[in-house]
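Asks: Coordinates only, no sequence provided:
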């Protein structure tokens, strides 16, 4: 259902070319999003102290835990809208759009207030050193003030991308990123506001991106247009969003929780280890952008073709998604491993800090293609409407296994190498579990294709 020139018909025409056209702007957007955050740390690392950089880095997983549930529900909006695009169901597409944006606004306010009230307590639970606790708490409180803007942007982008529009979210991200970097230089390098300057710049840039996304949706044509007076919660649509989105959000929370536990273990090695791990997380965000782009592309292409009853195109979409994630993740992971010391030195050139960072890079980045396979398998299941299964697999075989690893193997052999081996191990096991379920459902779809197939309706 092509409504404007930015949308894409994923159910007809050459598949590989369309997936590449869809994925490239998405990939660039994710890389830029993480790069802009890395710029925050780069500026703070060069204009302040490594303690300030550690104070920001140690909040990353805790922030993820508190927002992933609601951001995950935006995946539900993405899946549902993609299915209605593929089925040509204009009425339910409109209902999905207006319910999603209403939920985004309300959810953003709720999670922002919750984060402000609980952040200091949460930081203490992960053993953040008292020396950097006030800075970390201030940073989190300011970031949570911008949560409504972040939610509106994420939900809005999910709706735009469900129709094949990955270009405008990229343009808006670039605009917001430029604002963010410029304000960082002004607030941190110029005004010497330290962590507060980084946080305020981030909130302002989030507001810019939210306004741009809302403008795009309000000026769209047909069923994809957002009309402010029509914004409300449609209960049947919300239920479907929750069915698709809550498992994805819960999975994100579980991953974040397991990473919080790992961060707590990293904290036990001291401030230099924390400072060394912080830029590797930023590097990993850029690397993860490649596999996450493959994940999101798989969800939307599988979802639209599921709605359009295009079984052979579903299978081809999955094969292309796996190939792209494995090849790109593997090549870029190797490149980051080779050039790791130079990247780490950009953030902080203290030799001990770089050494700590490279101890993680050599293990995690070399095997990052396994993360790509895991994510594409989960994306394929979600595109087919099976959102609970990848969540259960992640809970049992990724998050749960990480906790077991930390409390057994790592407790016995207390080194940073033993700790970070938890990542590739859990990626492999989770991919195997998701892959078995995906193979089963695809086999079932192929058998039923001769009898006809109807996409799920609200």
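Replies: Happy to help now that I have it. Every value quoted in this text rests on a predicted model; they were computed, and no experiment measured them.
Asks: Which secondary structure element of this structure has the lowest mean pLDDT?
Replies: When the helices and strands of the chain are scored by mean pLDDT, DSSP states H and E, helix 50-57 comes last with a mean of 73.
Asks: Tell me which other helices or strands it touches.
Replies: Judged by 3 or more CB pairs under 8 Å, 6 or more residues apart in numbering; DSSP states H and E, helix 50-57 is in contact with helix 15-47, helix 133-145, helix 194-218, helix 271-307. Quick note: C-beta positions are derived from backbone N, CA and C, even for glycine.
Asks: mean pLDDT for those: which is lowest?
Replies: The minimum mean pLDDT among the helices and strands packed on helix 50-57 belongs to helix 15-47 (a mean of 79).
Asks: rewinding a little: redo the helices and strands packed on helix 50-57 as TSV? Include distance to residue 349.
Replies: Shown next, in TSV, are the helices and strands packed on helix 50-57 (distance: least, CB to CB, whole Å):
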stretch	distance to residue 349
helix 15-47	9
helix 133-145	21
helix 194-218	20
helix 271-307	11
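Asks: among the ones you listed, which is the most enclosed?
Replies: helix 271-307 (a mean of 26; mean count of other CB atoms under 10 Å).
Asks: picking up where we left off before, tell me which helix or strand comes right after the least confident helix or strand of the chain.
Replies: Per DSSP states H and E, helix 50-57 leads on to helix 60-87 as the next helix or strand towards the C-terminus.
Asks: What is the neighbour count of residue 245?
Replies: 28 (other CB atoms under 10 Å).
Asks: That one: what's it in contact with?
Replies: Residue 245 makes contact with 72, 73, 74, 75, 76, 77, 79, 387, according to CB atoms under 8 Å, 6 or more residues apart in numbering.
Asks: Please spell out the PyMOL selection for the buried subset of the residues you listed.
Replies: To isolate the buried subset of the contacts of residue 245 in PyMOL, counting by 16 or more other CB atoms under 10 Å, use the following:
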select buried, resi 72+73+74+75+76+77+79+387
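Asks: Lowest-confidence one in the contacts of residue 245?
Replies: Within those, lowest confidence goes to residue 72 (75).
Asks: quick one, helices of the stretch 351-458 of the chain?
Replies: Secondary structure of the stretch 351-458 of the chain (DSSP state H, counting those that start in this stretch): helices located at 351-364, 369-383, 388-393, 400-405, 411-412, 416-420, 422-448.
Asks: Of all the ones you listed, which one comes closest to residue 8?
Replies: Proximity to residue 8 (CB to CB) singles out helix 369-383 among those, at 15.3 Å.
Asks: and that closest one, average pLDDT?
Replies: Mean predicted confidence for helix 369-383 is 92.
Asks: could you say what helices and strands it packs with?
Replies: Secondary-structure packing of helix 369-383 (3+ CB pairs under 8 Å, 6+ apart): helix 60-87, helix 235-267, helix 271-307, helix 311-347, helix 388-393, helix 422-448.
Asks: quick one: the third one to chain centroid distance?
Replies: A distance of 6 Å separates the C-alpha centroid of helix 271-307 from that of its chain, computed with CA atoms, centre = their mean, to the nearest Å.
Asks: now swap in the fifth one and tell me
Replies: Remark: helix 388-393 is offset 17 Å from the chain centroid, using CA atoms, centre = their mean.
Asks: tell me which residues in it are buried?
Replies: Quick answer for helix 388-393 (16+ other CB under 10 Å): 388, 389, 390, 391, 393.
Asks: returning to what we had before: in JSON lines: the helices of the stretch 351-458 of the chain, plus distance to residue 139.
Replies: Output for those, formatted as JSON lines (distance: least, CB to CB, whole Å):
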{"stretch": "helix 351-364", "distance to residue 139": "20"}
{"stretch": "helix 369-383", "distance to residue 139": "27"}
{"stretch": "helix 388-393", "distance to residue 139": "30"}
{"stretch": "helix 400-405", "distance to residue 139": "26"}
{"stretch": "helix 411-412", "distance to residue 139": "31"}
{"stretch": "helix 416-420", "distance to residue 139": "25"}
{"stretch": "helix 422-448", "distance to residue 139": "25"}
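Asks: Would you tell me which of the ones you listed gets closest to residue 172?
Replies: helix 369-383 (23.2 Å).
Asks: Please state the offset of the closest one from the chain centre?
Replies: The answer for helix 369-383 is 13 Å, by CA atoms, centre = their mean.
Asks: could you give the angle of it to helix 351-364?
Replies: Interaxial angle of helix 369-383 relative to helix 351-364 (axes from the mean of the first three to the mean of the last three CA atoms, to 10 degrees): 60 degrees.
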